[in-house]
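Enquirer: Predicted model and sequence below, questions to follow.
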Amino acid sequence: MATIANTIGLAGRNQAGTSIGRAIDRWVYVFMAALFIAITLGGFIPDSLAKIAAVKAGERPPFHIILHVHAVLMASFLLLLLAQTALVATGKRKLHRTLGVTAFALVPAIVVVGFMLAVGNYHWVWAAARTASGDAGQSLRQLVLILDDILLMQLRIGVLFPLFMVIGLWARRSDAGLHKRMMILATAVPLPAAIDRLSWLLPTTLPTSAISTDLYVLVAIAPMFVWDLVRNGRVHRAYSIWFAVNLPFAIAVHGLWETQWWHSTAPRLMGV
């Protein structure tokens with residue numbers, strides 16, 4: 001009787017553990033989407049409030065319309081990601097597939113507008129640096145050098161974000177495991193834009209180096225990666241693809257950062 005009772009108790013605990021594991025399997029992606037939104041809000045809200053105050057004080061020009069468009073597109077994409085993960089977690093897969101078509105329009109729009117914004121910001125600072133004098137001119141010229149280096153990260157984002165999104169969307173019918181992980185990993189690629197604005201909370205190596213930014217991105221994806229490793233006992237190939245493709249770009253970014261060659265190349269690349 002004792003043996004039977006122990007067996008039943010063990011089976012019950014295993015079943016409970018399995019149920020919890022399955023729940024985490026579903027909701028970890030919702031958590032990741034919510035985490036990315038929290039990071040974005042934490043970075044951009046204080047930064048935006050400071051810039052609005054600067055506009056009101058006449059210390060900087062009003063926001064360009066392209067900035068508002070970019071903000072709306074990125075906000076829409078992050079909310080779409082949260083909705084999509086929640087739909088799968090709650091079993092509404094048909095609506096998930098229907099709503100997912102939106103990504104085919106959002107992603108190209110984000111990439112195009114993102115490049116327009118990067119070029120526009122660079123041109124504005126470059127022009128201001130050439131006309132300003134004294135301490136203001138010196139500060140703006142220093143800002144141009146910083147933007148040169150930031151451009152390295154922007155170019156990486158502009159290439160890798162759509163590339164990983166294509167991989168994730170391509171796998172949506174044939175490999176659900178790759179699809180759901182890659183959609184999260186692709187979204188992690190543009191996170192540096194928010195992470196770099198969290199300097200009020202996190203220590204940073206910027207503008208000397210981008211190493212802190214890359215490390216924080218790895219920390220951001222760690223919950224999903226660690227759960228996968230614990231749950232499955234192996235590294236899913238989505239991470240292998242993500243790391244392998246990211247590595248040469250990371251080497252290029254850190255290798256070119258603050259080099260004289262890049263500071264002379266970036267302005268030509270931006271057409272100034």
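Expert: Nice, I can see it.

Enquirer: Below-threshold pLDDT in the chain: ranges please.
Expert: Scanning the chain for pLDDT under 70 picks out the ranges 1-17.

Enquirer: so what's the residue nearest to the spatial centre of it up against?
Expert: By CA atoms, centre = their mean, the chain has its centre lying nearest to Leu191, at 2.6 Å. Applying CB atoms under 8 Å, 6 or more residues apart in numbering, we find Leu191 in contact with 36, 39-40, 216-217, 220. No exception for glycine: its C-beta is placed from N, CA and C like everyone else's.

Enquirer: run the last query once more with 10 Å
Expert: 35-36, 39-40, 43, 157, 213, 216-217, 220-221 (CB atoms under 10 Å, 6 or more residues apart in numbering).

Enquirer: Give the next helix or strand downstream of the lengthiest helix in the chain.
Expert: If you go by DSSP state H, the chain has its longest helix at helix 2-56. Once helix 2-56 ends, the next helix or strand along the chain (criterion: DSSP states H and E) is helix 65-89.

Enquirer: Show me which residues of that following helix are buried.
Expert: By 16 or more other CB atoms under 10 Å, the buried positions in helix 65-89 come out as 67, 70, 73-74, 77-78, 80-89.

Enquirer: how about the nearest residue to Phe161 once chain neighbours are set aside, phi and psi?
Expert: Counting by CB to CB, 6 or more residues apart in numbering, Phe161 lies nearest to Val189, which is 4.5 Å off, once chain neighbours are set aside. Per-residue torsions, Val189: phi -60, psi -50 (degrees, to the nearest 10).

Enquirer: Ok, the one 10 residues further on next?
Expert: The main-chain torsion angles of Ser199 are listed as degrees, to the nearest 10 and equal phi -60, psi -20.

Enquirer: about what we covered before: for the longest helix of the chain, packing partners?
Expert: Applying 3 or more CB pairs under 10 Å, 6 or more residues apart in numbering; DSSP states H and E, one finds that helix 2-56 makes contact with helix 65-89, helix 176-188, helix 192-195, helix 211-232.

Enquirer: okay, the angle between the longest one and helix 2-56?
Expert: Looking back up the chat, that one is helix 65-89. Helix 65-89 and helix 2-56 meet at an angle of 170 degrees, taking axes from the mean of the first three to the mean of the last three CA atoms, to 10 degrees as the criterion.

Enquirer: Pull the distance from helix 65-89 to the chain's centre.
Expert: For helix 65-89, the separation from the chain centroid amounts to 12 Å (computed by CA atoms, centre = their mean, to the nearest Å).

Enquirer: ok, Thr131 to Trp261 distance?
Expert: As judged by CB to CB, to the nearest Å, Thr131 and Trp261 stand 27 Å apart.

Enquirer: List the buried residues in the stretch of helix or strand Gly158 belongs to.
Expert: Using DSSP H and E, Gly158 maps to helix 134-170. Within helix 134-170, the residues scored as buried using 16+ other CB under 10 Å are 140, 143-144, 147-158, 160-162, 164-165, 167-169.

Enquirer: Spit out the contact partners of the residue nearest to Phe161.
Expert: Contact analysis of Val189 by CB under 10 Å, 6+ apart lists 153, 156-165, 217, 242, 246, 249.
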